[in-house]
Each structure stands twice: as C-alpha cells, then as structure tokens.
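In: Provided below are the primary sequence and the corresponding predicted coordinates.
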Amino acid sequence: MMEEQLEQINSEVIACTRCGLCKERHQVVFGSGNPRASIFIVGEAPGFEEDKTGVAFVGKSGQLLEKILLACNFSREKEVYLGNIVKCRPPHNRVPSPQEQAACLPYLERQIEVIKPKIIILMGSTALKAFFGTSSRITRERGNWKNWFGYPVMPTYHPSALLRNPNLKRDAWEDFKKVIVKYRELVDNEHYCKYI
Ligand code: URA
C-alpha cells in the first residue's frame, strides 16, 4: 500500500540525523498532497510557515503556487503532490548546502518511486540543479521538457522568484500551460482548464 510505504519513509525522515538541519527545525516537512497524484512538484526547502505547520507550501510562495494550480484546475487533493529537496528548514531560509541536499535527496527519490508520477515539475534553481547537476541554469532550461530516469520533467521558476519579480509570471504561466497539455496527453485528455 503506497500510504504505508510513504509512512515508512516519513518515520525514517523524522528520526534522520544525516545532516545538521534536524537540530534547528521544528517540524519535518515530508510532503503533502495526493499520494496517487500524477504530478509531483518539487521545491527547495521548507520555510518559516512550513517549519511551523509541517505542511509543504503553506507560506507566501505556497499561496501563489495555489493560485497557479487553481488556474490550471489542479489541486493537492487530486492531481498534485508537493515535496522539497530537503525536508527540514535551513536556518534563515538559506539555500541548503550540497551536503544537506545529498543527504536528503534519497528520501525524495523514494517518494517519487512510490508515487510514480506521470509528470515532475521542478521549481527553481535548487531543485533543477539537484536533479540535473550544478551546471544547469533555470533561466535557460525552464519551459523545456527534460527527462529524468524516464519521467518527463518541466523546470520552471520558484514561486518566490515570481513574488520577487512579477515580470517572470508570464513565462511561468507558459510553463504550466505546457504541463496542462502534457497532462491531457498522458493522464486525462478531458482535463478542463478555462484558459487553454
Ligand atoms: N518554498 C519551498 O521551496 N518549499 C516549501 O515548502 C515552501 C516554500
């Protein structure tokens, strides 16, 4: 049962001391959404609100992401599961170090193995680099489908980048439109979206 498999990974993460982030975090942010989702969205790391609640993407970035998902007619209840490269909040929201990322990534890989999404969305430079290497550039590679061990992957901007620079929203929406097209191709050819 996939819920039990995820629960097993979650309990390992709660007990994890592979890096120093466990010392300062309040809650592990394992991932949230539908374990039967077809779309797995990967962010960077929990922020203040996520660390407080244990739920991924509930702060300001999460609220913007929620609006984007709503525009796509996707929801966490059905089509989407959300996770991060690291599961514990880095102090002051700094970018997780390469060591911290390497320590945590196997948990995310196992989550993906259990959920077996049809589409992966990587949001931001940290997620892109964790999957495709440090020479990757989000500004260059966003909007183009990539392949990660057979999974179609769409890199796009992180919502926090869209909050800092609203001019990027137009490009991000183009990326999500491509995801809708792919979702219709691979999952549900009748998926409704009033915009496309
Ligand atoms: N930013 C992320 O990358 N992940 C979260 O869960 C929240 C904010």
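Out: Received it, and whenever you're ready, just let me know what you need. Residues are numbered from 1 along each chain as shown.
In: what about stretch 82-99, how long is it end to end?
Out: Taking C-alpha to C-alpha, to the nearest Å, stretch 82-99 runs 22 Å from one end to the other.
In: Asn34 and Ser75: what is the separation?
Out: Separation of Asn34 from Ser75 (C-beta to C-beta, to the nearest Å): 8 Å. To be clear about C-beta, it is placed using only N, CA and C from the backbone, and glycine gets the same treatment.
In: Kindly apply the preceding question to Gln99 instead.
Out: 35 Å.
In: Of these two, give the one with the bigger neighbour count.
Out: Ser75 (14 against 11; other C-beta atoms under 10 Å).
In: Contacts only, for that one.
Out: With contact taken as C-beta atoms under 8 Å, 6 or more residues apart in numbering, Ser75 is in contact with Leu69.
In: hang on, it in a helix?
Out: No: under DSSP: H, G, I helix; E, B strand; the rest coil, Ser75 falls outside any helix and is assigned coil.
In: Check what pLDDT it gets.
Out: Ser75 is assigned 98 on the pLDDT scale.
In: Give me the distance between it and the ligand.
Out: Noted for Ser75: a distance of 17 Å to the ligand, by C-beta to the nearest ligand atom, to the nearest Å.
In: what does Ser61 give?
Out: 4 Å.
In: what's around that residue, how many residues?
Out: Neighbourhood size, Ser61 [other C-beta under 10 Å]: 22.
In: helices or strands up against the strand or helix carrying it?
Out: Using DSSP states H and E, Ser61 maps to helix 60-72. Contacts defined by 3 or more C-beta pairs under 8 Å, 6 or more residues apart in numbering; DSSP states H and E place helix 60-72 against helix 48-53, helix 159-164, helix 169-186.
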